[in-house]
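>>> no sequence for this one, just the structure:
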Ligand SMILES: [Zn+2]
């Protein structure tokens, strides 16, 4: 049972209460006015904050910056939270010429190349540290050449540059290997890509710098050109082998010491230096040329003991000729037996 003091007399506090109530309501009114003002003051700030968080939630917007400082950050950079709401803005791609924050530099470059795979950001960072990729090589590969990358496992990364896919594999021994996608070549020289890879045997240093250079500068078009050129050469070689030519003819002249010849030379007298290098002494006779034709019929005689060397030099004359010239030369030589002038 609660104790009640026996001599308790009820006092009248009503006037005090009224006084208190009026003071309270006055302060209450003042407080409401202050709050309203504060609210009005804070309203644009709240709007800016709302805009900021909706931008941060937008998966397409990858980078944040302060409109005052114009330094680009990855959206996950610690420094982003220090950007005041009023100055905060975001972009989808790396704006040309904007300074990139040194703290999150590699994250900025990686995010540019990984599509929606941002949850593996740390795995990408670890991989590039492991293969000792420099910032400038990463910038060239991921920003300038717009490579896209895909993390396969702790030691393998797939890198796509233009149409080609590559795999960079970090080996236990510490070295890195580069693989290139397999493909069929179709009749029109386009490619049908397969899902596997072959090792790209790289000459020279086998580091990330060299590999990224190879990936950035690989050109299928150039590859096609060199294949076509090789095919053309093979075709011409085959034609050359199939049609041996005779660029000289021995003349039936009775001579004890000399063999008499007529042969086809270019107007620049290509045979001279070849004969000289073999030490063949030649007595020159007449020379015939048709206007507008760059070949010459040249008469000459050589000592019989030097005849073999002479014929070797004439063989070398046709062998050394570039293929394109050779075919024309061969055509000209075919007219030999019937058109000997003189
Ligand atoms: Zn940053």
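Received, thanks. What you see is a predicted model; the values in this text were computed from it and never measured.
>>> ok so residue 182 is a helix residue?
No - the assignment for residue 182 by DSSP: H, G, I helix; E, B strand; the rest coil gives strand, which leaves it out of any helix.
>>> The helix or strand residue 149 falls within pairs with which strands, parallel or anti?
In this structure, residue 149 is located in strand 148-153 according to DSSP states H and E. Counting by DSSP bridges, the strands paired with strand 148-153 are strand 156-161 (antiparallel).
>>> relative orientation of the helix or strand following the strand it pairs with and strand 156-161 in degrees?
The C-terminal neighbour of strand 156-161 among helices and strands, as given by DSSP H and E, is strand 164-170. Between the axis of strand 164-170 and that of strand 156-161 there is an angle of 150 degrees, by axes from the mean of the first three to the mean of the last three C-alpha atoms, to 10 degrees.
>>> ok, strand 164-170: who's next to it in the sheet?
With DSSP bridges as the criterion, the sheet partners recorded for strand 164-170 are strand 156-161 (antiparallel), strand 176-185 (antiparallel).
>>> I'd like the mean pLDDT over stretch 146-153, please.
For stretch 146-153, the per-residue pLDDT values average out at 96.
>>> try stretch 219-230
90.
>>> Go ahead and name everything in contact with it.
Where contact means C-beta atoms under 8 Å, 6 or more residues apart in numbering, the residues beyond stretch 219-230 that reach it are 163-164, 189, 191. Using the backbone N, CA and C atoms, a C-beta is placed for each residue, glycine as well.
>>> List the buried residues for the strand holding residue 149?
When burial is assessed from 16 or more other C-beta atoms under 10 Å, strand 148-153 yields the following buried residues: 149-151.
>>> what's that strand in contact with?
For strand 148-153, contacts defined as C-beta under 8 Å, 6+ apart pick out 110, 113-115, 117, 120, 123-124, 127, 142, 157-160, 167.
>>> Kindly report the same for stretch 156-172.
Identification of contacts with stretch 156-172 by C-beta under 8 Å, 6+ apart yields 124, 127, 130-131, 141, 145-152, 155, 176-181, 191, 193, 197, 200, 208, 211, 215-216, 218, 220.
>>> could you redo the last one with a cut-off of 6 Å?
With contact meaning C-beta atoms under 6 Å, 6 or more residues apart in numbering, stretch 156-172 is reached by 127, 130-131, 145, 147-150, 152, 155, 176-177, 179-181, 197, 215, 218.
>>> follow-up on the earlier one: quick one: which of the contacts of stretch 219-230 is nearest to the ion?
Ranking these by separation from the ion, with C-beta to the ion as the measure, puts residue 164 on top at 31.8 Å.
>>> Identify the farthest-apart pair in the contacts of stretch 219-230.
Taking C-beta to C-beta, the two most distant members of the contacts of stretch 219-230 are 164 and 189; they sit 15.0 Å apart.
>>> Help me see whether stretch 89-106 makes contact with the ion, please.
Yes - residues of stretch 89-106 are located near the ion by C-beta under 5 Å from the ion, namely 101, 103-104.
>>> what about burial for those, which qualify?
With neighbours counted by 16+ other C-beta under 10 Å, those contain buried members at 101, 104.
>>> Present the residues of stretch 89-106 next to the ion as a markdown table; the columns should include pLDDT, distance to residue 330 and secondary structure.
Putting those into a markdown table (pLDDT from 0 to 100; distance: C-beta to C-beta, whole Å; DSSP: H, G, I helix; E, B strand; the rest coil) gives the following:
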| residue | pLDDT | distance to residue 330 | secondary structure |
| --- | --- | --- | --- |
| 101 | 96 | 68 | coil |
| 103 | 96 | 70 | coil |
| 104 | 97 | 68 | coil |
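>>> Return the most buried member of the strands paired with strand 164-170.
Looking across the strands paired with strand 164-170 with neighbours counted as mean count of other C-beta atoms under 10 Å, the highest average goes to strand 156-161: a mean of 18.
>>> what's the burial count for residue 277?
For residue 277, the number of neighbouring residues by other C-beta atoms under 10 Å comes to 10.
>>> Now do it against residue 34, distance only.
107 Å (C-beta to C-beta, to the nearest Å).
>>> Show me what stretch 75-83 is in contact with.
Defining contact as C-beta under 6 Å, 6+ apart, one finds that stretch 75-83 is touched by 62, 64, 66, 73, 104.
>>> what does the model give the closest residue to residue 85 other than its chain neighbours for pLDDT?
Distances taken as C-beta to C-beta, 6 or more residues apart in numbering put residue 48 closest to residue 85, at 3.9 Å, once the chain neighbours are dropped. Reported pLDDT at residue 48 in the predicted model: 90.
>>> Please consider this matter closed, and thank you.
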